[in-house]
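Chemist: Structure for the following, please:
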Amino acid sequence: MSQRTGAAVSALHYYERLGLVASERTAGNQRRYRRYMIRRVALISVAKRLGIPLEDVKDAFSEVPLTEAPSQADWDKASRRWKTTLEQRRRGIEKLEQELTGCIGCGCLSMKACALLNPDDQLGAGGAGARRIEG
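Modeler: Numbering: from 1, shown residues only. So this is what the prediction gives:
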C-alpha cells in the first residue's frame, strides 16, 4: 500500500489507528490492505495537501464501510457530506479574508476596536485592566 499510494508506512498505521483505513493480518503478522483502501488513502492524501483536518476526513468517511468494498452510493454520500464541510470552510476563509483586509487597511490593531483580534469583547466595556482576578 505504501509503494502504491506514496503514503509512509507510519502514516498508514496512524490512519488505521484513527479508523480511516483497515487492514488484515497475515499468518506472519504483516498488514494487508484490500484494494478498495487505495481510494481512501488517495483521498486522505488530497485532504492533507489541502490542509483539511483528518477529523473532517473521518466525518466524511463515517458511512463508507471499512470491511467491504464501498458502493458508488456510499462514495456519493461521502462526497455530499464532504462538500458541505468544504463549503463551510470556504465561507469561513472568505469571511476571514474580508476581516483581514479591513484590519490591514485600518492599521489600528486596537484590542478595544478590532473585531478580528478581539471579537465579541464583553469584558472590555469595563475599562482597562484585569477583570477576572479576584482579590
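Chemist: Can you give me the pLDDT of the spatially most central residue of the chain?
Modeler: Central residue of the chain (CA atoms, centre = their mean): residue 53, 1.9 Å from the mean position. According to the prediction, residue 53 has pLDDT 90.
Chemist: And for the one 4 residues further on?
Modeler: Predicted confidence (pLDDT) for residue 57: 91.
Chemist: Report the contact partners of it.
Modeler: Counting by CB atoms under 8 Å, 6 or more residues apart in numbering, residue 57 touches 20, 43, 44, 47, 82. Every C-beta, even on glycine, is put in place using the N, C-alpha and C of the backbone.
Chemist: Also residue 78?
Modeler: By CB under 8 Å, 6+ apart, the contact list for residue 78 reads 60, 61, 63, 64.
Chemist: Which members of those residues are the farthest-apart pair?
Modeler: Spatially, the most separated pair among the contacts of residue 78 is 60 and 63, at 8.9 Å (CB to CB).
Chemist: one step back: how much space separates the residue nearest to the centre of the chain from residue 44?
Modeler: 11 Å (CB to CB, to the nearest Å).
Chemist: swap in residue 38?
Modeler: In terms of CB to CB, residue 38 sits 11 Å off from residue 44.
Chemist: Could you do residue 80 as well?
Modeler: Going from residue 80 to residue 44 by CB to CB gives 18 Å.
Chemist: which one of those two has more residues nearby?
Modeler: Shown here are residue 80 and residue 44; by other CB atoms under 10 Å, residue 44 has more neighbours (23 against 10).
Chemist: Tell me how far the more buried one lies from residue 37.
Modeler: Applying CB to CB, the value for residue 44 to residue 37 is 10 Å.
Chemist: contacting residues around the residue nearest to residue 70 when sequence neighbours are not counted?
Modeler: Nearest residue to residue 70 in three dimensions, chain neighbours excluded: residue 64, at 4.8 Å (CB to CB, 6 or more residues apart in numbering). Applying CB under 8 Å, 6+ apart, we find residue 64 in contact with 40, 70, 74, 75, 77, 78.
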